[in-house]
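**Q** here is my input; please provide its structure:
(chains A and B)
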Amino acid sequence: MSGAVGGSTVVDRLKAKTGWKGGERVTLVEAGQVRRLCDAIGDDNPRWREEVPPTFVVALASETPDFREALDYGKGWLNGGDRFEYLEPIRVGDTITARSTLVDVYEKQGTSGGLLFLIVETEYVNQHGRTAVRLRGTRIRR
Amino acid sequence: MMTTPPEVGQELPELVKHPTTRQLVQYAGASGDFYEIHYDQDFARSTGLPGVILHGLLKAGFLAQLVTSWAGAQARLKAFDVSYRGLDQPGVPCRCQGVVRSIEGITAELEIWTEDPEGRRTTLGNATVELS
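**A** Numbers count the residues shown, from 1 in each chain, chains lettered A, B, ... in the order given. Model prediction:
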């Protein structure tokens, strides 16, 4: 199948990008942004008026890797999973710097064709220079 | 919130969500994830999906709510991982459930998941909580 041949080329080109680092994104954590995320989830825990809820950091991530090469593989993206590690709370008023790195690229055969996995790790560092959260995300082209 | 110390095997109070397409748009705006499979039916179908689907991270948000509301204000979530295994669509209830798998000192390990009305687990995960 020609798609498989093209697919393997795409995989090789993306594998070569392992270690790629996204630009830093610096964000002041604002109460309104936290509230909008809590409203969207439907989580009205009063704790989140001062502290951010566990998945908030995804709104602060540096740009999702915009690899044009990946768009030649499959028809769309799916999210495979996310792993969060919490080292220090993030509070409203903190300034968080997010840095993402492409740490792994691999291909698997699924039941309905090939799947391309991109593993991206993002570190969220606070204004004191301490890592508050680490996130390892699995993004899939299919 | 817990009223008694947790025990291994204890189930967390179920959290049932009733996601709507409106909520997916709201989540897109709040999270910055504007990928069209979450609000544009035609686009979603063009990628082989049955229609728009929930953001995986919205389901993660539901499960984080399940865990943190159970654990209480003094508890600290140390680690949280989720694997998105099935598609969830708006208009279909998303049941968030969990069980205490182990307790060591003040640290509890939880197994968490979302389930659709057919009983399929569409998200699988684990959480590590310091109960203090």
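
**Q** where does the nearest residue to A:L78 once chain neighbours are set aside fall, secondary structure wise?
**A** Once flanking residues are discounted, A:L78 sits nearest to A:I140: 4.6 Å by Cβ to Cβ, 6 or more residues apart in numbering or on different chains. Placement of C-beta: from N, CA and C, glycine included. Using DSSP states H and E, A:I140 sits within strand A:131-141.

**Q** helices or strands up against that strand?
**A** strand A:77-86, strand A:113-125 (3 or more Cβ pairs under 8 Å, 6 or more residues apart in numbering or on different chains; DSSP states H and E).

**Q** paired strands for that strand, with orientation please.
**A** strand A:77-86 (antiparallel), strand A:113-125 (antiparallel) (DSSP bridges).

**Q** just put these in TSV and tack on distance to B:G32.
**A** What follows is those, written out as TSV (distance: least, Cβ to Cβ, whole Å):
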stretch	distance to B:G32
strand A:77-86	14
strand A:113-125	13
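
**Q** B:Y39: which of those strands is closest?
**A** strand A:77-86 (14.6 Å; Cβ to Cβ).

**Q** any low-confidence regions in the chain?
**A** In the absence of a named chain, chain A is used. A:1-8, A:62-65 (pLDDT under 70).

**Q** correction: the question concerned chain B.
**A** For chain B, the stretches with pLDDT under 70 are B:1, B:3.

**Q** from what I can see A:G42 touches B:R22, true?
**A** No: using Cβ atoms under 8 Å, A:G42 is not in contact with B:R22; the gap is 11.7 Å.

**Q** those two - which one has more neighbours?
**A** A:G42 (17 against 10; other Cβ atoms under 10 Å in any protein chain shown).

**Q** what sits against that one?
**A** Residues near A:G42 by Cβ atoms under 8 Å, 6 or more residues apart in numbering or on different chains: B:K17, B:Q23, B:F62, B:Q65.

**Q** residue contacts, the third one?
**A** Contacts of B:F62 were listed using Cβ under 8 Å, 6+ apart, and they are A:I41, A:G42, B:L15, B:K17, B:C94, B:C96, B:T114.

**Q** can you classify it as helix, strand or coil?
**A** Secondary structure, DSSP: H, G, I helix; E, B strand; the rest coil: B:F62 is helix.

**Q** how close does it sit to A:E51?
**A** 18 Å (Cβ to Cβ, to the nearest Å).

**Q** tell me how far the closest residue to chain A within chain B lies from A:K75.
**A** As assessed by Cβ to the nearest Cβ, chain A sits closest to B:T47 within chain B, at 3.1 Å. According to Cβ to Cβ, B:T47 stands 5 Å off from A:K75.

**Q** do A:P53 as well
**A** 32 Å.

**Q** comparing those two, which shows the higher neighbour count?
**A** Per other Cβ under 10 Å, whichever of A:P53 and A:K75 has more neighbours is A:P53, with 20 against 12.

**Q** in contact with the more buried one, which residues?
**A** A:P53 touches A:V34, A:L37, A:C38, A:I41, A:D43, A:N45, B:G61, B:A64, B:Q65, B:T68, counting by Cβ under 8 Å, 6+ apart.

**Q** can you check B:A73 too?
**A** Contacts of B:A73 were listed using Cβ under 8 Å, 6+ apart, and they are A:R47.

**Q** again, but for A:S112
**A** By Cβ under 8 Å, 6+ apart, the neighbours of A:S112 are A:R142, B:G48.
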